[in-house]
Structures are given as C-alpha cells and as structure tokens.
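Q: What shape does this take:
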Amino acid sequence: MKIRHVLPVLASAGFIFAIYTVISGSQPMPVAAAVAEPASAPFQSFIAGAGIIEAKSQNIAIGTPLSGIVNVVTVKVGDKVKAGAVLFYLDDREAKATQAVRHADLAKAQAEVNVALANVNDSQALSRLAEAVTDKRAISGEELLKRQNTLLIAKAQLESAKAAVQQMAAALADSQTTLDRLVIRAPVDGEVLQINLRPGEFAQAGGGNALLVLGNLDQLHVRVDIDENDAWRFDKSRPAVAYLRGNRDFKFPLQLAYVEPFVVPKKSLTGDSTERVDTRVLQALYSFDRKQFSVYVGQQMDVFIEAQAFAEPNTPKTGG
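A: Numbers count the residues shown, from 1 in each chain. Next up, the predicted model:
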C-alpha cells in the first residue's frame with residue numbers, strides 16, 4: 001500500500017521539477033555590464049572608425065640586410081637616437097678576415113704593376129738601343145722586330161696589372177661595404193619603441209618580424225580605418241574627434257594630416273563579433289596634441305568624423 005502511494009508522488013514531483021527546469025532554462029541570460037562605457041559620437045551624422053596610434057614617422061620596422069649572429073645591441077627601449085646612430089652590430093669576424101685577404105691581394109697586384117712597369121722600361125731601353133744602331137748590318141731585322149714586340153707585350157702586361165689593381169681595390173671596397181652593412185644604424189631621428197633581439201641570437205635578413213621598432217614620438221598620428229562603404233561620405237574638411245579606449249572622458253580633437261588614397265584590406269581588428277575580416281578600408285591619418293594625456297603607440301581609439309547628413313530617397317507612390 002505504501003509503495004503504491006509513494007510512486008505517484010515521486011512521479012508528480014519529477015514532472016514539476018522538469019517543468020521548472022524548462023521554464024528557468026528558457027529565461028534570457030542577463031547581459032554583463034560593460035567594464036567601461038563606450039564612447040558616443042558628438043555629431044548627429046558621423047562616420048565611425050577604429051584608430052591606431054602610431055609615430056609621426058610611422059613605426060619603422062628595422063631589419064638587417066645580411067643574416068648573422070647579433071654581437072652587440074647598443075640601445076634599449078626608450079632611448080632617443082639620432083639618424084645614423086648605431087643600433088646593433090652583427091658578428092663581423094668573417095667579413096674582417098675576407099677584408100684582410102683582399103688587402104693582401106691588392107698589395108700583390110700593386111707589386112705586379114711595379115714588375116710590369118720595370119719590364120716596360122727594360123723593353124723600351126733595348127728597343128731604343130736597337131733603333132739607335134746606324135749600321136743596319138749590326139742587328140738583324142728579325143731582332144729589331146722581336147724587341148718591338150717584346151715592348152708591346154710588356155705594355156699590355158702593365159695595363160693588365162693596372163686593371164688587376166682596380167679589380168682588387170673594388171673587391172676591397174666591397175668587403176668594406178659588407179662590414180658597414182653589419183652595423184645597423186638608425187635611418188631617422190626617433191625613439192626605440194621595441195627590441196626583439198639579444199646578443200647571441202641569429203638575425204635573419206628579410207624575416208617577417210621586426211628586429212627593432214623605431215619611431216619619432218615628437219608628434220603622434222592616429223591611423224583611422226574608414227570602411228569602404230562609408231568612404232564616399234568622408235569629407236576632409238569635417239572635424240574629427242577621438243576617444244581613448246577604456247575611458248571616454250579622454251577626448252582628443254584631431255587635425256587631418258593626410259589621407260592615403262588607396263583602399264586596402266583591413267588589418268586592425270577591433271574584436272567586434274559582427275566585424276568582417278574581408279573589409280577594405282580607406283586610411284586617414286590625423287595628428288593630435290599628446291601633452292595633456294598619457295598615450296602609447298599601438299593603442300586603439302574610437303574615432304568619429306562628422307559627415308553630411310543625407311535624406312532618405314522618397315519612396316515612389318504607387319497608383320491605386
């Protein structure tokens with residue numbers, strides 16, 4: 001009797017629990033509060049774009065023309081350098097050994113020029129003696145011709161020796177050029193933003209990653225990606241404002257520096273789930289005064305550019 005009463009109760013309880021589970025599971029999940037409120041556009045009609053802070057000179061990725069082991073890195077992150085300042089040295093022992101060999105080759109070639117010059121002088125002297133003989137019976141025509149030909153051969157050997165000197169000098173200059181290329185220097189005045197190599201590491205020529213990043217931070221630029229669908233609305237004369245990601249109270253009025261009139265595939269992604277990776281963008285660069293706020297190269301900014309408002313086209317009326 002007890003079992004017959006317990007089973008229906010358990011079945012009813014299970015049914016009620018299943019209904020509760022279904023109802024509670026169908027409730028929408030609460031939306032998590034944003035860590036920082038996003039910036040809102042100060043214009044009624046605008047173009048929104050993601051901006052990346054970069055140096056005025058752009059971020060210069062320093063590489064190496066020759067592969068080799070890094071010997072010495074002479075700078076550190078944050079150092080300000082002048083154009084031509086040494087950034088790092090590559091191992092130059094092999095190049096110096098080659099240069100020493102070419103120095104010796106040049107010295108040998110110069111000595112051969114002296115030998116060839118002596119032969120020319122000797123041949124000229126013998127030829128003049130033969131030509132100075134008044135009695136033609138004292139020297140045969142064959143001997144005279146032989147001495148003239150010997151002089152011509154000696155002159156040709158002298159010219160060849162001089163050419164060899166020029167060749168060795170060019171080879172020596174080439175070895176000096178190789179040594180110079182193992183010393184990597186700053187192309188412009190700027191500040192060291194990033195270092196991706198250490199002494200003892202192998203620096204690959206033509207590698208994908210920058211060995212060192214350099215930039216002129218006297219003035220910063222914001223590179224704004226304008227969606228190609230909004231490019232036709234972009235007006236250079238319109239004002240633009242940027243907000244720093246994470247704090248919309250940091251507001252920067254922008255001044256247009258220049259526009260790169262070439263639409264390119266978008267590389268800087270904002271992380272928006274609706275963002276398309278196949279978007280092409282027009283890139284506009286703006287300058288701003290960085291003295292009031294602490295900003296860093298590579299930070300993202302929300303940029304709003306005022307755009308002219310366009311009325312919706314009138315819907316054609318259909319006849320009744």
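
Q: going forward, measure contacts between C-alpha atoms and count neighbours the same way
A: Fine.

Q: Report the central residue of this structure.
A: Nearest to the centroid of the C-alpha atoms of the chain, with distances taken as Cα atoms, centre = their mean, sits A61, at 3.6 Å.

Q: list the buried ones in stretch 290-305?
A: Neighbour-count burial for stretch 290-305 flags V297, Q300, M301, D302, V303, F304, I305 (criterion: 16 or more other Cα atoms under 10 Å).

Q: oh, I was asking about stretch 111-127
A: In stretch 111-127, counting by 16+ other Cα under 10 Å, buried: E112, V113, V115, A116, L117, N119, V120, S123, Q124, L126, S127.

Q: so of those residues, which ones are in helices?
A: If you go by DSSP state H, the buried residues of stretch 111-127 have E112, V113, V115, A116, L117, N119, V120, S123, Q124, L126, S127 in helices.

Q: could you dump those residues to JSON lines with distance to E228 and pLDDT?
A: Formatted as JSON lines, these follow (distance: Cα to Cα, whole Å; pLDDT from 0 to 100):
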{"residue": "E112", "distance to E228": "70", "pLDDT": "92"}
{"residue": "V113", "distance to E228": "69", "pLDDT": "92"}
{"residue": "V115", "distance to E228": "74", "pLDDT": "91"}
{"residue": "A116", "distance to E228": "73", "pLDDT": "89"}
{"residue": "L117", "distance to E228": "74", "pLDDT": "91"}
{"residue": "N119", "distance to E228": "78", "pLDDT": "87"}
{"residue": "V120", "distance to E228": "77", "pLDDT": "87"}
{"residue": "S123", "distance to E228": "81", "pLDDT": "83"}
{"residue": "Q124", "distance to E228": "81", "pLDDT": "83"}
{"residue": "L126", "distance to E228": "86", "pLDDT": "77"}
{"residue": "S127", "distance to E228": "85", "pLDDT": "75"}
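
Q: of all those residues, which two lie farthest apart?
A: By the measure Cα to Cα, E112 and S127 form the most distant pair in those, at 22.2 Å.

Q: one step back: need the ones in helices among the buried residues of stretch 111-127 in TSV with distance to L256, can you?
A: Listed next are those as TSV, based on distance: Cα to Cα, whole Å:
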residue	distance to L256
E112	66
V113	65
V115	70
A116	69
L117	70
N119	74
V120	73
S123	78
Q124	77
L126	83
S127	82
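
Q: For P253, state which of those is nearest.
A: V113 (72.0 Å).
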